Every structure is written in structure tokens, then in C-alpha cells.
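> Here is the input, now give the coordinates:
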Amino acid sequence: MSEPPAVAAESGGARSPDGRVLLIMIASDHAMFDDLITALLDIGLTGATVIESRGMGSIIREEMPIFAGLAALIPEHTGSRVLMSVTTREQAGRVFQFLETEIKAASRPIAITAPIERSIGLLR
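Numbers count the residues shown, from 1 in each chain. You can find the predicted model right below:
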């Protein structure tokens, strides 16, 4: 049997040649989410995917009754919004600067970037 054809890549190597990264933010403070989206638009980051998520505590509390005794130790609200965007290192840096200077530490989302080795289907 023959091997499937290789998938063409728009970029290759250890890092994207145009400096693109995957920005991922996990925001559990729903009250600040509108401010976060507004700031992203001001920065110029206009393409992102937002996914509603449930924390592990919610699953333990609702679907695993054997752990019901732990429910008192788990925060009542364990849902988050996960925002993912392919963006440039420069824009991601501006997002991190906004998070550090404009969002209180207690409300700040978890934010990470990861280099993009290869991609296909991204609009430039």
C-alpha cells in the first residue's frame, strides 16, 4: 500500500519564518472577558476562536459521585473560556503587556504562546 501524500506546509522549521505563534488564553473571570476582547481588537488581533470549557472540578462534582466528599474543596464555578489565536510574536507581546499592566492578577487569564512549526489553511 502506498503512503498518503505529504501535507503541504505554508511554513516550516523550528519557528514560523513570519514569526507566528499560537496564543492561548484561559479566562475564568467572565466579568473581565469583554474588556479582554476589546483590548485584543485595539491591539489588532481580530481573529480568534473562543471555546466554552468546564474545569475538572465541575466534572468531578457533577459526573463522579464517588468523589462527592471533595465537592466542598472545589470552587463552585469551574468553567472558563479558552481563546486561541494564530498571531505574530509582536501582537502576542502586546497582549501580554496589556494583561500585566491592565488586568489585576486575581482576574488575569492564564496565557501562553507556542511557536508554530507548520501551518496550512491560514489566511494571511
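> my guess is G55 meets G79, correct?
Yes - at 6.4 Å, G55 and G79 qualify as touching, with contact defined as Cβ atoms under 8 Å. Any C-beta I mention is one placed from the backbone N, CA and C, and that applies to glycine too.
> what residues are shared contacts of these two?
Common neighbours of G55 and G79 (criterion: Cβ atoms under 8 Å, 6 or more residues apart in numbering): S28.
> In terms of neighbours, single out the busier of these two.
Comparing G55 with G79 by other Cβ atoms under 10 Å, the one with more neighbours is G55, at 16 against 12.
> how near is that one to M32?
17 Å (Cβ to Cβ, to the nearest Å).
> now R20
From R20 to M32 the distance is 26 Å (Cβ to Cβ).
> for I112, same thing?
18 Å.
> So which of those two has more stuff around it?
M32 (18 against 12).
> ok now do the more buried one, which residues does it touch?
Contacts of M32 (Cβ under 8 Å, 6+ apart): 103, 107.
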